[in-house]
Every structure is written in structure tokens, then in C-alpha cells.
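K.L.:
Give me coordinates for this.
(2 chains, ligands or ions: 1)
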Amino acid sequence: MSTQNSVQAIAPRTLFEKVWQQHVVAEPAGEPTIIYIDLQLVHEVTSPQAFDGLRLAGRKLRRPDRHIATVDHNVPTTSVQDRLVIADQISNAQVNALRKNCAEFGIEFFDVQDAAQGIVHMIGPELGATKPGMTIVCGDSHTSTHGAFGALAFGIGTSEVEHVMATQTLPQSKPKTFRINVEGELPYGVTAKDIILDIIGRIGTDGATGYVVEYAGSAIRALSMEGRMTICNMSIEAGARAGMIAPDETTFNYLKGRRFVPQGEAEWNLAVEQWRSLVTDEGATFDRELNIDATKLAPSVTWGTSPGMVTTIDSTVPSIDDAPSEADKKSFSRALEYMDLKPGTKIEDINVDAVFLGSCTNARIEDLRAAAKIVDGYHVATTVRAMVVPGSQSVKHQAEEEGLDRVFKTAGFEWREPGCSMCLGMNPDILQPGERCASTSNRNFEGRQGRGGRTHLLSPAMAAAAAITGHLTDVRHWKFNNSKGGSR
Amino acid sequence: MTPINIITGTAAPLPLPNIDTDQIIPKQFLKRIERTGYGEFLFFDWRYNLDTPDHVSERKDFVLNKPEYKGAEILIAEKNFGCGSSREHAAWAINQYGFRAVIAPSFADIFFSNAGKNGIILCRLTEDEVATLLDRCTKDPKHTLTINLEAQTVTDEQGFKAHFDIDPFRKHCLLNGLDDIGLTLLHEAELDSYEAKHSEEFWLAPKAAA
Ligand code: SF4
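P.N.:
Numbers count the residues shown, from 1 in each chain, chains lettered A, B, ... in the order given. You can find the predicted model right below:
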């Protein structure tokens, strides 16, 4: 046993393996490994049945201090008043159930009017609850977002939510590892969103099924935490169990001083020292690797009904013959019909009716700044309805301090309260049948933003440009119309 | 969970890849706080026309609305079934509609786990095997399949026989109808000692400053 341990300590390990091994509680023979969960994030949609399950079984919530809850999916974004009592009675009941459950089980809850409320994947990092090396779960597939900090973070179903509540652990079979190296400097106008859409386009929506992906390379290192979160967020769109990025100075600078990180100098330094070891060792091997040349990337936009149906802004709508396989031909044909697009149409010639700037993928301060820079000095096209839904109260507040809200409002955008909003349209923010939307969110599935609605996924700057021109627009040729935004 | 082993029944073919959980159960039904009653909303947008905001009618051409496929207990689809959102409501809807198994060449990870916890057998067969079954069940809605979990096989009366892989632990739980939480709690002593040590690692605590 002891020799085995020392051999393990010497063998080079990946970032994922380090985090995994540190959380092994038990390895029962012939069963999945039981791993400890450091933090479970809770929201209104996937938790009520889990709380009920606990009550029914007469079980306690083992570690309330390792749970944090907020409301995001269901809440209206129109006004504070609309949020306190939700007109939709079923939504209101669901939000009330969470309030009651958090009180009963002793979970810290950030309610609609709290200064820390926001989309669940926004507030973990903002509060400093998300930290390098942690294991984090949530009943939501975009939990992969938190991997940007070097945490092992993944989405789970409601039965598993209950499992974590009861035991603070999960039985898990060990995923395989996949490293994606993105090397080189990103060209002008190309963002984190374009990187991840390009990756999904390359490997497909099941390309990373069964794997934890580590994103590495100089292009990833150069990204801000916001950009890294955008990348990890959409890992699930490639089927990955989780996405991870090794923590570095960018990570530590982002976290320092936040509410839930160690505050004292000595403790902070000790924490950073621990986190610094969370890198893939030289010589560690992955089950799969992929190299991407960042210098060759262009702004990406989806044309179909799956995030893998993606192309570049300067290209055209593909034809059925471009489908990678026979099975995909059927989906291509169905997608072209649903999206009402003709093969060969220039992507830039596609008109949009709506623009949505929001979601846990792209509603952070950096995203709003990039969009505001495009919008400043212009007005939204008369044919377009455009809205900005900041991802959290903290982002909203910061944006208002910087005057971004005025830029958007002057240009004709709606400026909303934080929540998931039109990312999935559980609240009243939905597309009408046939409406076409340029959206900074993460899913373009049929009906995702409203039954019959058509979604094109793209970066915040590209969404902003589409709002102004009324059609999908190559942001690389944008003529800025303001005093401060003209510089590249 | 009720123990499950052999399923013999007809199958509904849904020959599309990448069927996401937004299609399996659209978001408007996720507002409910109950764990039951999702069967009628399975594939809602594909199954029903929305004539007015509060009146729907069945789409006659959708497989689940065809009288000959009523009562099917097995669903057959193409690769990457259940991708997208983690909503367990998708597994509840499939189960509560009356399906007890899904056959496809591959499944998305989270759906795979959710299905297992709800007593749904997922059979991963090759693309060719799935194509054969899709074809047979499309031509003959009464075509009967047998899934044997113990033997890990899918067979029919025309001599079709395919083997599927399943994690031995998942199989054991399905066969015996075991509750995962109860199994984990068998390791409570290890959990207690792990937790005592781990609690000192404040840099991994959600609220290190509290
Ligand atoms: S913003 Fe969209 S993807 Fe993110 S948690 Fe909300 S609904 Fe899910």
C-alpha cells in the first residue's frame, strides 16, 4: 500500500487527476468511486424534488455550509416588483418552495432582491465560493463553468442533488481525460466564445462525451477569467463531463478579496500556495489531445439547431452534403428547414428580429463592455427587439457604475434585471414562433428560446453588431462611432 | 426503485441523432415541483400543435401519436440521445410515459446517469444494429423486442441478437432496485474520517472566510 502511494506521488499527474485523487472518500471494489463534493449550488428548478426526497426518507442535509442557493431560471427580469411576487403562479410556487426549503434546511439563500443574486454559475465565482481544486456540482449542466478556476465542476440530475444533500458525496466512475491546446494570439475580433464554438464544431456535440477536458495553451492563458468561464461553460455542449483550466495569477487576482475566500494575509498566501500546485505535471498523459491554431480562428456563428452546427461569419449556410455523416444529414436537413435557411446563403445576409445579450455564457462585465463599445453612438435597427440581461446583480451594478446601461438604453436596448431570461425562456422572455434571434447564450436547440424560435449563437460583440445592422455582421469590419471605442 | 430485468414489448422508432433534453421535456414543464405527472408532456413540442395558447392538438404524423405505437415500452433513437440540459425531468417523462428502455448507439453522460437512477435500461448498440431495429420496428409496429438485463442482450423473434455493455454496478442496482444513497451511507465511517481531515483544508471550503 505505501509503495503504491509513493509511486503515485511521483508519477506525473494531470490537473484533473490531482483534484480527483484529493476527493476520494472510498473506492469500494466493483463500484464507482465515492468522491467528496466541496460545494453544491442550488436553484429553484432542479431542487424541489430533491428536498422532498430528503424529507420523505427522513434524512438530514449533511452539510448546509457546503450549499449555496439562489433563484435565476424562473424569475422575471422586467422589474424588481415583478420578481418579488411572480405573476405566473407555478413559477411563484417553485421560487417559494426554494425559500421555504432553504430556511428549513439552513442553506444560505440569495433571494431576488439580494445584491449577490444572479445566475447560479455567475455568483459562485463572484462570491469567491468557487475556488481552485474544489469539487462543485449543481443540478444544471452548465456547472462546467466553474472549471475555469481549476475546480472539477459538473452538472447532475435531481436524484444526485438529493444524494449530495444527504451525503456530501457522489458515486462517480472516473472519466477519461482530454486536453485541448489552443496556441497563438487570437486575431482581432475573435473571442473566447468563438474558440469554444469552433471546438464544438470540430469535435461535435458528443465529441467529448465521457471526458473531462483541460483547456491549455497560450491562447487560453491569455484569457481573462470571464473568457475562461465562457469556454468552460460550453464544455457540456461538446458532451464533456467537465472542462478545466489550471489556475494562475489571473485566477488568484480575480479571487483575492472576494467574500468567501480566505481574508487574512497568511491564510490567503497559504491557499494560493496550495492552488499553485494544481497544474498538469510535465509528462502527464491524456487519453486524447487536440491542437488548435488560434491565429486561424474567425468569429463563429451557429446556423442550425445544435451548437455543433457552426460556421464562420464570412461563410455561407452549408448544404446537406456538408454533413459529416449519414445520421447528420438528417439533422442538417431538419435544421435547415426549422431555421428556414437556404444552403449557400451568406451568413451576413441573415436578418434577425431579436438580440439577446445574456446567460451564464456571456453576461459578465467584460461581455457587456465589449457589446457597449460596438453599440455606442448607434441605434438598434427598427426591425430588431434587443435586450441586455446582466448575469448577476453585481454585473448589473458594475455596468451601471460604468455607464454601460445608458449606452445600451440610448441605443434602444432594454436593460433588465439579472436572471437566465431568454437563454431558455422559462420566464416571460421568449421568442415568438418564427422569430430569429442573435443570442450570446449556449443552446440553439429547437424551441430553446421559445416554441418555433430560431437561435444563432455568437459572441457579445457580434450580437451587438447584429442589433445595430439588423443582420448577422462581421465585427472585424465594424466602424466604431464613438470617441472612446474607435481604437482596436 | 423497482427491480427490473426482462422487458418484452414493442418499440417506437425515433430515427434522429442528438435528441436533446429540451425536446424530451420542454422547459415550461420544469416549473412544477412534483416528481410525477411528466409522461403527458414527453416530446411535447413534437407531439402537439399549439392551436391557441391554451389549446393543443395531436400531430398525427408523430410516432407516439400513431395508434399502432401506443403501448410501446421501448424507444429507439440515433446517437447522442439525451444531450443538453441535466434536467432529470427528461428521465421522469420517458419513464412515466411508459418507456422502460431506450436503445441508441450512444447517450449523453448526465442523461445516462439520470436514466439509471429511474430504473430505465439504456442499451448502447452499434449504429448498424440500431439501424436494423429502427427498420424492423418502422415496418412492423407490432415487432416485439426482448431486452434481457441479466444477459445484457437485445433480441427479436427474427433471430436478431445484440449484446450491450453496462457498468456492472449500475446493472446490479437496476436488477435489485437499489437506492444509491443507502449504498453510499454504508461507507459512513470512511466519510466521517475523510471529512474530519478535509475540513482543515480551508482553501477548498466554499466559505473559507466565514
Ligand atoms: S443562463 Fe441558461 S444555460 Fe445558464 S443556467 Fe441559466 S438557463 Fe442554464
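
K.L.:
Write out the residues of the stretch 151-300 of chain A neighbouring chain B.
P.N.:
A:155-160, A:162-163, A:166-169, A:171, A:173, A:205-206, A:209-210, A:236, A:239, A:241, A:259-263, A:267, A:270-271, A:274-275 (CB under 8 Å from any CB of the partner chain). C-beta: built from backbone N, CA, C; applies to glycine.

K.L.:
wait, what's in contact with the one residue in the stretch 251-400 of chain A that gets nearest to the ligand?
P.N.:
In the stretch 251-400 of chain A, the residue that lies nearest the ligand is A:C360 (3.3 Å; CB to the nearest ligand atom). Counting by CB atoms under 8 Å, 6 or more residues apart in numbering or on different chains, A:C360 makes contact with A:119-122, A:142, A:145, A:233, A:391, A:420, A:423, A:442.

K.L.:
before we move on, the earlier item: just the buried ones from the residues of the stretch 151-300 of chain A next to chain B?
P.N.:
The neighbour-count criterion (16 or more other CB atoms under 10 Å in any protein chain shown) marks A:155-160, A:162-163, A:166-169, A:171, A:205-206, A:209-210, A:236, A:239, A:241, A:260-262, A:271, A:274-275 among these as buried.

K.L.:
so where's chain A shaky on pLDDT?
P.N.:
For chain A, applying pLDDT under 70 flags the ranges A:1-9, A:483-488.

K.L.:
hang on, A:G304 in a strand?
P.N.:
No - the assignment for A:G304 (DSSP: H, G, I helix; E, B strand; the rest coil) gives coil, which keeps it out of a strand.

K.L.:
Wait, it touches A:S333, no?
P.N.:
No - if you go by CB atoms under 8 Å, A:G304 and A:S333 don't touch, sitting 10.3 Å apart.

K.L.:
These two: which has the busier surroundings?
P.N.:
A:G304 (25 against 13; other CB atoms under 10 Å in any protein chain shown).

K.L.:
Name the nearest residue to that one, sequence neighbours excluded.
P.N.:
A:A335 (3.6 Å; CB to CB, 6 or more residues apart in numbering or on different chains).

K.L.:
For A:V301, pull up the helix or strand it's in.
P.N.:
Per DSSP states H and E, A:V301 falls inside strand A:300-302.

K.L.:
ugh, wrong one, I meant A:F408
P.N.:
If you go by DSSP H and E, A:F408 is part of helix A:404-410.

K.L.:
What strands line up against the next helix or strand after that helix, and which way round?
P.N.:
Going down the chain from helix A:404-410, the next helix or strand is strand A:414-415, by DSSP H and E. Applying DSSP bridges, strand A:414-415 is found paired with strand A:385-388 (parallel).

K.L.:
Kindly export the partner strand (C-alpha atoms) in PDB.
P.N.:
As requested, the backbone C-alpha atoms of strand A:385-388 are provided in PDB (Å, rounded to 0.1, in the frame of the first residue of the first chain):
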ATOM      1  CA  ARG A 385     -36.000  44.000 -30.500                       C
ATOM      2  CA  ALA A 386     -32.900  43.900 -28.300                       C
ATOM      3  CA  MET A 387     -32.300  43.300 -24.700                       C
ATOM      4  CA  VAL A 388     -29.400  43.100 -22.200                       C
END
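
K.L.:
which outside residues touch that strand?
P.N.:
The contact list for strand A:385-388 (CB under 8 Å, 6+ apart) reads A:353-358, A:368, A:371, A:380, A:405, A:408, A:412-416, A:421-422, A:429, A:467.
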